[in-house]
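Novice: Provided below are the primary sequence and the corresponding predicted coordinates.
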Amino acid sequence: MSAAPARGRAARAVDRLARNRAVRAIGLHPVIARPGYWFATAAGVTWGALLGGFRISRRGGVIVCAGLPRWAFGRGGTTIGAAYLTHDNLRESVLEHEAVHRAQWKKYGLAFIPLYLAAGQDARTNRFEVEAGLDKGGYR
């Protein structure tokens, strides 16, 4: 059995869970999701501050942690909770893209992690990247 079919089954299972009314009503309720968002933000800011030499600012609706080594985040930058981790990718359009990811984290809390992974690696078909704007995120 290859990894692709197993990955597909996992993605479909997470998708089914995300569409389930009871799961959404309970798991995505702000009382459940917000603490996950706060935890993710605290973890992101801590990681970014320590690895980026405490170069932290607030820009475009996100907490920007800049100056991180390039191995410390994905692609040009990664948003964890409200924290955007990057080396120097600070274009206005990118910050707008990352602000949408911040809002997604706020809505889904820690459930955002499996939902994002289930949406797939290809940004062009990942619903979270599409919603954030492929052009703004530098995917086109």
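Specialist: Sure, I can see it.

Novice: okay, Ser57: pLDDT?
Specialist: Looking at Ser57, its pLDDT is 97.

Novice: ranges for the helices of this structure?
Specialist: 3-19, 21-27, 30-51, 92-108, 112-118, 127-132 (DSSP state H).

Novice: Low-confidence stretches in the protein?
Specialist: Residue ranges of the chain with pLDDT under 70: 1-18, 22-25.

Novice: now the closest residue to Tyr116 other than its chain neighbours: how far from Phe112?
Specialist: Of all residues not flanking Tyr116 in the chain, Phe128 sits nearest, at 5.4 Å (Cβ to Cβ, 6 or more residues apart in numbering). Glycine gets a C-beta too; all of them are placed from N, C-alpha and C. To Phe112, Phe128 is 8 Å away according to Cβ to Cβ, to the nearest Å.

Novice: Comparing the two, which residue is more hemmed in?
Specialist: Using other Cβ atoms under 10 Å as the criterion, Phe128 and Phe112 rank with Phe112 on top: 23 against 17.

Novice: re earlier: next, show the common contact partners of Phe128 and Phe112.
Specialist: Gln104 (Cβ atoms under 8 Å, 6 or more residues apart in numbering).

Novice: quick revisit: out of the helices of the chain, which is the most enclosed?
Specialist: Compared across the helices of the chain, helix 92-108 shows the largest average neighbour count, a mean of 20 (mean count of other Cβ atoms under 10 Å).

Novice: for that one, packing partners?
Specialist: helix 30-51, strand 62-65, strand 77-80, strand 83-86, helix 112-118, helix 127-132 (3 or more Cβ pairs under 8 Å, 6 or more residues apart in numbering; DSSP states H and E).

Novice: will you turn the helices of the chain into TSV that also has distance to Tyr84?
Specialist: Listed next are those as TSV, based on distance: least, Cβ to Cβ, whole Å:
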stretch	distance to Tyr84
helix 3-19	24
helix 21-27	25
helix 30-51	8
helix 92-108	5
helix 112-118	15
helix 127-132	12
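
Novice: Determine how far the last residue of stretch 74-85 lies from the first.
Specialist: In stretch 74-85, first residue to last residue: 9 Å (Cα to Cα, to the nearest Å).

Novice: May I see the buried residues of it?
Specialist: Gly76, Gly77, Thr78, Thr79, Ile80, Gly81, Ala82, Ala83, Tyr84, Leu85 (16 or more other Cβ atoms under 10 Å).
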